[in-house]
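Q: Predicted structure and sequence below. I'll ask about it afterward.
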There are 2 protein chains.
Amino acid sequence: MTPRLLEVRQKVLNKNDLAARSLRDRFQAAGVCVISLVSSPGSGKTAFLERILTILGNQFRVAALVGDLATDNDAKRLARSQAPVKQIITGTVCHLDASMVNAAIDEWSLSDLDFLFIENVGNLVCPSSYDLGENARAVLLSVTEGEDKPLKYPSIFQTADAAVITKVDLAEAVEFDRAEAYRNINAIRPGLPIFESSAKSEDGLEDVLNWFTSQRR
Amino acid sequence: MTPRLLEVRQKVLNKNDLAARSLRDRFQAAGVCVISLVSSPGSGKTAFLERILTILGNQFRVAALVGDLATDNDAKRLARSQAPVKQIITGTVCHLDASMVNAAIDEWSLSDLDFLFIENVGNLVCPSSYDLGENARAVLLSVTEGEDKPLKYPSIFQTADAAVITKVDLAEAVEFDRAEAYRNINAIRPGLPIFESSAKSEDGLEDVLNWFTSQRR
């Protein structure tokens, strides 16, 4: 083993990293592909996920966990998709962690699922540090938030595997500068796949769905 | 002293509370009114503050501190108002704390100021727990984020002294339900003053400015 590999393996895993590793092993053994969604509050994670669960649910066995400080409003909204959905209420905690995910899936049989989506608490900072054992993490950025967000919240873009620009139906109304947004995402995370979508018009959802299904190994 | 008062006084003050208390004493001694702004990323804090600094700067001596994980983009934008502005770069920290504010104002003569505005990191969760020694805290909520945010992020509304609904010029485009937003804010924090504004059209800014000036003791 090279010193470099040794160094990597010897990296001290903190409590969450250990819990996430054990989750990842379980997900892999069960053959379920796990995708997490992170974004600011109000970026449209729930509306996006509702469309995704409905469309993907026609072809795959899908389920979702949704995190919030308070209320089970999101779980209720997502339940309209007919997919099994569970709310994680974090109280005052600003992010999901691997132990919360572990507790939430306790009653579910993972091998009965093809996809599990995890919608994190709306927060563009703290969730970036918490591995949830997911296969891939998508960061959502709505056109109404401004093109500078990747520069101002770099860690969440650096830890994501794809970016989804949401609410593109409002792009004109808010004078969204598409080129600037792409430039900023690429400056922080060169080569990150970028998608554009509208949960309202369903524009662009097919490309995101194809990317999600490509994450199944 | 009643047991109740004793209990309150004996409350263990943590490190930030102590630093905030010392800041509050300094602010009061210098006669500067300190207003902090909290919101999600992309709610329009900086655009709002730029207008406020420009208009209020005609009549009062104003300055601002702006917090961000990375970049000094906001300080550059706000400097156009001609007010003294300082950027606090937090690195990976998801909120401002009293010691950061203390360090940032080190070179300023507080008694030369009437108003100091503090723009927190864009985050609807973590800043709620950190007293910055401010006279008043305003939480901003943009019409594009959805009317349910007060219910889903209660602590930031519970610790605020006013709510400002921003980007009202987009209300129609996003089908903003004004009554629902007011109902949700009132459910979490009954009686909280609520303002509506657009930094773009300047609609509603006067009422907010009047409220700010009413906070000077």
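A: On my side now, so go ahead.
Q: confidence score at A:Phe27?
A: The confidence metric pLDDT takes the value 98 at A:Phe27.
Q: Okay, and it sits in which element?
A: A:Phe27 belongs to helix A:15-30 when elements are defined using DSSP states H and E.
Q: For that helix, give me every contacting residue.
A: A:13, A:33-34, A:97-99, A:101-102, A:110-111, A:113, A:116, A:130-135 (CB atoms under 8 Å, 6 or more residues apart in numbering or on different chains). Where C-beta positions appear, they are placed from N, C-alpha and C, glycine not excepted.
Q: let's go with 7 Å and repeat that
A: The list of residues contacting helix A:15-30 from outside it, by CB atoms under 7 Å, 6 or more residues apart in numbering or on different chains, reads A:13, A:34, A:97-99, A:101-102, A:110-111, A:130-133.
Q: Show the contacting residues for the residue nearest the centre of chain A.
A: Within chain A, one residue has its C-alpha closest to the average C-alpha position: by CA atoms, centre = their mean, that is A:Leu37, at 1.6 Å. Contacts here follow CB under 7 Å, 6+ apart; on that basis A:Leu37 touches A:45, A:49, A:117, A:119-120, A:138, A:140.
Q: and if we set it to 8 Å?
A: Taking CB under 8 Å, 6+ apart as the definition of contact, the neighbours of A:Leu37 are A:45, A:48-49, A:117-120, A:137-140.
Q: A:Thr54 is in contact with A:Leu205, correct?
A: No: with contact defined as CB atoms under 8 Å, A:Leu205 and A:Thr54 do not form a contacting pair (10.1 Å).
Q: Which one of the two is surrounded by more residues?
A: Legend: neighbour count by other CB atoms under 10 Å in any protein chain shown for A:Leu205 and A:Thr54, higher for A:Leu205 (20 against 15).
Q: Not counting its neighbours along the chain, what's nearest the more buried one?
A: A:Ser197 (5.3 Å; CB to CB, 6 or more residues apart in numbering or on different chains).
Q: got a list of what the one you found touches?
A: By CB under 8 Å, 6+ apart, the contact set of A:Ser197 is A:48, A:164-166, A:168, A:203-205, A:207-208.
Q: give me the element A:Ile187 is part of.
A: Just to correct that, residue A:187 is Ala rather than Ile. Here A:Ala187 sits within helix A:178-188, counting by DSSP H and E.
Q: how about the CA coordinates for that helix, as CSV?
A: Once side chains and other backbone atoms are set aside, the C-alpha atoms of helix A:178-188 remain, and they are given as CSV (Å, rounded to 0.1, in the frame of the first residue of the first chain):
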residue,chain,number,x,y,z
ARG,A,178,-27.5,31.9,-17.1
ALA,A,179,-23.9,32.3,-18.4
GLU,A,180,-22.9,34.0,-15.1
ALA,A,181,-24.4,31.2,-13.1
TYR,A,182,-22.6,28.5,-15.1
ARG,A,183,-19.4,30.4,-14.9
ASN,A,184,-19.7,30.7,-11.1
ILE,A,185,-20.5,27.0,-10.6
ASN,A,186,-17.6,26.0,-12.8
ALA,A,187,-15.2,28.3,-11.0
ILE,A,188,-16.0,26.5,-7.7
